[in-house]
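Q: here is my input; please provide its structure:
(3 chains)
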Amino acid sequence: MNIFLLSLAIIIVGGTLPLVTCRNMAVAKGLYLGVTLLGCITGLTALFSTSANLLGATWSWSWLHSFSLAFACDALSFFFLMPIFLICPLAVIYSFAYFDKEENSLRTAVSFFCTNVLIVAMALVTVAANILSFALVWEIMSLSSYILVMYNYEKADTRKAGYLYFLFAQAGAMLIFAAFGVAFSHTGSLQFSEFAAIPAEAKLFVFFLAFLGFASKAGVFPLHVWLPHAHPAAPSHISAIMSGVMIKMGIYGILRVYFLLASSDLLIGQVVLVFGMVSGVLGVLYALGKHNLKKLLAYHSVENIGIILIGAGLGMIGVAKGDVAMAGFGFAGSLLHVFNHSVFKSLLFFGAGAVIKKTGTSHVDELGGLMKRMPITGRTFLIGSVSISGLPPFSGFVSEFLVYFSAFNGLKHNHATLLLIILAIISLTVIGGLASFCFTKVVGVVFLGEPRTDRAAQAGEVSRLLTLPMAILAALCLAIGVFPQSFIHLAFAGFTGLLQIGSVDAAMIDTVGTNLALGSRLFLLIFFTVLLFRKLLYRNKVIAKGPTWGCGFTRGTARMQYTGTSYARSVVSFFRPFAIVRESKVQLVKIFPGKTEFHSRVDDIAEVGMQHGLALPLLTLLGKFRWIQHGKVQLYIGYIILAISVILLVSFI
Amino acid sequence: MESFCTIALAFLLAPLYPGIILKVKALFAGKKGPPLLIKYYTLLKLLHKGSVYSTSTTFVFRLGPLVSCAGAMMILLFFPLGGISPIFSFHGDVIVLFYILGIGRFFTISAALDTASPFEGMGAAREAFFGTLAEASIFAILILFYRMTGALSFSDYFIGAKSISLDGTAGALLLLVIVSLFMVLLTENSRVPVDDPATHLELTMIHEVMILDHSGPDLALIELGSFYKLFFYSAFIFLIVCPFNAAWGLFNLPVFFVGISLVYVAIGLVESGMARFKMNLVPKFVLTSLILVSFAAILTMEFIK
Amino acid sequence: MINMNDIVLVIILLSVLLSLSSNRLMALVKYMAMQGVMVSLLPLLLEQHSRIGSGGLIFFQVMILIKGVLIPGLLYIALKRVVIKREIEPIIGYHASLFAGLIIILVSIFITERLQLSLPQGRELLLTTAITTMSAGFFLMMSRRKAITQVIGYLMLENGIYLVGTALTKHAHTIYIVEFGVLLDVLVGVMIMGIILNNINHTFDDIDTDHLNRLKD
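A: Below you'll find the model as predicted:
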């Protein structure tokens, strides 16, 4: 624990240094990078060195008997600490080259500081062991990330996004604290470890309150509305941290509360599973409809959170049914997907950041042909895309396979469970298919083909410091895919001792791992054999260059390429009831036609529904009470007295 | 040993069968038709040629044929052709293999988008759309098979202890699977009525338009990959209709390699008798196959309590 | 031994599903012919009916003749006369209809389990199929515009009723009298519909039932 705390202290110091030295930007950045990296490496050592003995360590501190903080590290915390200490330093390296404007030095320093506070807060969230400490670090996490989102605060869009994020973060926190309050009223103790003593019917209530709260942080449909706004507004490495690591804290919360409550009610698993399926399918659907690169990636976070929840839900159903294999593989798939998603999603956000930095636009239909101009970014982005589409031999497939495995194991049950599991498998497949649909769109439209605008044509590769994190993450994606055994074991280790119904047979886990390794290695072997074969075939052959075959049309231009909008149109309109497609066009009508136009937009039903069903009525209703706020200080004091006396009266009666 | 012989034979013979489709279609049209070995001639011709690459393309364009061919070859290594146990097999291989086909599709589509041609983009969008739906049907079939056999690998489906057959428990439901799998076959392999490989207008194509810019050995690899894929789906259907007993040993081989041509004849008959669908009716077609299998999967509740 | 009556039932379900997704009326009629033959074959295959007298045989032959040949034939002629080929713009789209089919079968299974009838061994699927066919018939009548599709929906409904009867009878074939009566009703209905269709077609050049709305009041 000591090394762990030391690492957090170093990270905080690393964050404060640039605040002090912000007059000289180069020094500040250098110091920041060095010290923060040192802190994160210390953190990783604390995790993996045996002498540090982090697992099972506890630490508490109390003040005046009423305010006590307690921290403890168990297997689940351990697992969630890994992405924090792995992704954050890479994001820090990335930010070194990403913030290269001198004039914003103070703002950059504040951003650096908040980044480190966020890292520390996230690390503490995973080890918090009582209600107070959890609430404290949870709020610090939300607030620091809010400030990070507001980096470009002079833009109206950013302010709006930040406001939305703040709203959802606080509403979610309120629900979480309400859940803790209910739990406290039953146990009378602040300790998390007492949660299991709550009566069964209250457990459901506590779980669902907490679930809603954590879901708004994790970006579960329909509480994901802030995500697609906040990510495009924030700088890219912040998006990477938020999407790759921070929203996983919501998942951590759900799993933590579930394991603490130790409830084996079937309903919990079913609800989580349904939320997972809906988020997964609709997340990827809206991602297809979006054409802003970072917005699209944000919707993919919703999708992946959906997959994670499908895994978790299957695990919970497995627990309720007493099916060890189903429960184990479900939770393992869910946890491994948490890790995988943090790897490939931050990789993709880094790539998107590099593209935006070089071209100045994030609209996919204004890009194109970047693979030739940004070779490393393009290649790593391609690897990230294949991983997120869940295709072997890359990382995403391993975790999706575990989830599938759990689901198929659950098919032997009957009735409602069977139906839900059939639906879960079909939606996993549809998610996988649509995800690869969406990423062929991104890769094809942004990186392949010809540049659609001059800005895209003039782009060049970004600096080494930006490509280095991407290269590391891309290598990790491939490594997880080709050597899945140890990572699968890691995922199973993430909930050792937490599963009430026993643990999965170790031999079975090994078999699954070796089988997956066989699959991906065999594929690579065949691939390289075919590659060799192709090389032989092309020996002494004439290879010519020429223009693309225009199907008889001789004057093709880059603007005539298939755009992302048209690529996704057919499938989005297939799901029409769930995706509101708005199209406006000006067509050719007269003999001398004017300029034609075509706009299309895909709206999110959750956003539209929340706006019309909740926000607007609430605004109208609350508008009626505007007269209370009139600006006279004396009357305000009167309100206060009135409020106090009402409270006193109520408590007396 | 016999596994290796079978797979080698399959790799060698797969290009023969599409010739049967052409022959059937020609006979129905009252023509003589091309020789049965036409596909071998085509492959040889392509292998002898060089290639022309578009200046728009990158390495992704060259990856497309490689990945799709490698994927199609891999799936055959896991399939118990003619009831002879495959070289590789493990619990869960079906999921891996259909995802391997998925990565083939990913790179075929990316290669098409790499050419910067509007037509190829159009084909790519269609392929991705219909492929996604077809994949859902496939997984619904896997669900049904798991309910019937408790297995997740091809060899357990067909030569395992509880192998599937029409006369087993819930065997009647396999009728739905056969119909639906045939629909998936037509979709995944771009056959009439989903796609017409023989049409001459790029706007109306799906698969053919995506590979317009490939030439020479690259095109040969794509063709080879598609032959293997078609062979795999045909073998899948054939083994459901006519299960083999592993005990018969090598005697199975001739029966299998002759019998599988019936599936190709059926494809030829469908192609001769049907016109291709309008593009907006294709999703309905694929969806029907999904619903059919889901029907069957739900009905297993009746049989397997 | 392959379980023949299961196969027949699955073919019936197949025809139900295909007719939900079919937009060509000619194909619909063909599916109905297939369904009719299968439905009337079914009682022959059930074990309890293995001993059939000559009367029974004649009865089933008549049944196949009416369900599989006569009614589809009449529909076929009606279609030829009115020159309509496909259902355009159904009230509920084809994709939605397919999913509705899925929901119908789920509900049917649920109802079958809830009824808890003491069915003979192996008849559960029969009852499920019967209820599915009935409800799909209703659904078809509800969701399509053309009069001829509605007649087909009605036919499907009748097939379903016949199947329910088959599922519940255990002994003699005399019980089929009721179904036979229903069948004759349907036959007459189809004939009348054919004549009416023909007349409507002559008068209005259109057989869209939406135009019947104008007859209200």
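
Q: how about the residues of chain C that lie near chain A?
A: Within chain C, the positions lying close to chain A (C-beta under 8 Å from any C-beta of the partner chain) are C:95, C:106. Every C-beta, even on glycine, is put in place using the N, C-alpha and C of the backbone.

Q: from what I can see B:Ser226 touches B:Asn189, true?
A: Yes: assessed by C-beta atoms under 8 Å, B:Ser226 is found in contact with B:Asn189 at 6.7 Å.

Q: surely B:Leu299 meets C:Leu106?
A: No: counting by C-beta under 8 Å, B:Leu299 sits too far from C:Leu106 to count as a contact (10.3 Å).

Q: so these two - more neighbours on which side?
A: More crowded of B:Leu299 and C:Leu106, by other C-beta atoms under 10 Å in any protein chain shown: B:Leu299, with 28 against 16.

Q: what pLDDT is listed against whichever residue of chain C sits closest to chain B?
A: Relative to chain B, the nearest point of chain C is C:Asp6 (3.4 Å; C-beta to the nearest C-beta). Reported pLDDT at C:Asp6 in the predicted model: 83.

Q: residues near it, how many?
A: Residues lying near C:Asp6 (other C-beta under 10 Å) number 24.

Q: any idea which residue sits dead centre in the chain?
A: If you meant another chain, say so; for now it's chain A. A:Ser243 (3.3 Å; C-alpha atoms, centre = their mean).

Q: not quite, go with chain C.
A: Nearest residue to the geometric centre of chain C (C-alpha atoms, centre = their mean): C:Met156, 1.8 Å.

Q: could you tell me what pLDDT the model assigned to C:Ile207?
A: We have a pLDDT of 59 for C:Ile207.

Q: in the chain, where is pLDDT below threshold?
A: No chain was given, so I picked chain A. A:1, A:50-52, A:64, A:102-103 (pLDDT under 70).

Q: oops, chain B please
A: Where chain B drops to pLDDT under 70, the residues are B:304-305.

Q: near chain C, anything from the helix or strand that contains B:Phe119?
A: Assigned by DSSP states H and E, B:Phe119 belongs to helix B:118-149. No: using C-beta under 8 Å from any C-beta, helix B:118-149 never reaches chain C; the gap is at least 10.6 Å.

Q: packing partners for that helix?
A: Counting contacts by 3 or more C-beta pairs under 8 Å, 6 or more residues apart in numbering or on different chains; DSSP states H and E, helix B:118-149 packs against helix A:395-410, helix A:415-442, helix A:564-574, helix B:93-114, helix B:154-159, helix B:174-188, helix B:207-210, helix B:282-303.

Q: would you list the ones you listed in JSON lines and tack on distance to chain C?
A: What follows is the helices and strands packed on helix B:118-149, written out as JSON lines (distance: least, C-beta to the nearest C-beta, whole Å):
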{"stretch": "helix A:395-410", "distance to chain C": "18"}
{"stretch": "helix A:415-442", "distance to chain C": "7"}
{"stretch": "helix A:564-574", "distance to chain C": "8"}
{"stretch": "helix B:93-114", "distance to chain C": "22"}
{"stretch": "helix B:154-159", "distance to chain C": "18"}
{"stretch": "helix B:174-188", "distance to chain C": "5"}
{"stretch": "helix B:207-210", "distance to chain C": "23"}
{"stretch": "helix B:282-303", "distance to chain C": "5"}
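
Q: picking up where we left off before, now the residue nearest to the centre of chain C: which helix or strand?
A: Assigned by DSSP H and E, C:Met156 falls in helix C:147-168.

Q: so what does that helix touch, helix or strand wise?
A: The contact analysis (3+ C-beta pairs under 8 Å, 6+ apart) places helix C:147-168 against helix C:4-21, helix C:25-45, helix C:71-82, helix C:124-143, helix C:177-204.

Q: longest helix anywhere in chain A?
A: For chain A, the longest helix by residue count, based on DSSP state H, is helix A:324-359.

Q: quick one: that helix to helix A:395-410, angle?
A: Counting by axes from the mean of the first three to the mean of the last three C-alpha atoms, to 10 degrees, helix A:324-359 lies at 150 degrees to helix A:395-410.

Q: next SSE after helix A:324-359?
A: With elements assigned by DSSP H and E, the helix or strand that comes after helix A:324-359 is helix A:370-373.

Q: now whichever residue of the stretch 51-200 of chain B sits closest to chain C. Nearest residue, chain neighbours left out?
A: Residue of the stretch 51-200 of chain B nearest chain C, by C-beta to the nearest C-beta: B:Ala172 (3.4 Å). Once flanking residues are discounted, B:Ala172 sits nearest to C:Asp6: 3.4 Å by C-beta to C-beta, 6 or more residues apart in numbering or on different chains.

Q: check A:Gly322 too.
A: Closest residue to A:Gly322 apart from its sequence neighbours, by C-beta to C-beta, 6+ apart: A:Ile501 at 5.6 Å.

Q: assign the one you found to helix, strand or coil.
A: What DSSP: H, G, I helix; E, B strand; the rest coil gives for A:Ile501 is coil.

Q: again with A:Val602
A: Of the three states, A:Val602 takes strand according to three-state DSSP.

Q: quick check: bridge partners of it?
A: A:Val581 (DSSP bridges).

Q: count of neighbours near it?
A: A count of neighbours around A:Val602, defined by other C-beta under 10 Å, yields 22.

Q: same check on B:Phe130?
A: Applying other C-beta under 10 Å, we find 24 residues neighbouring B:Phe130.

Q: got a list of what it touches?
A: Going by C-beta atoms under 8 Å, 6 or more residues apart in numbering or on different chains, B:Phe130 touches B:187, B:194, B:206, B:282-283, B:286.

Q: same check on A:Ser105?
A: A:22-23, A:25, A:28.

Q: repeat that with 6 Å
A: Contact analysis of A:Ser105 by C-beta atoms under 6 Å, 6 or more residues apart in numbering or on different chains lists A:22, A:25.
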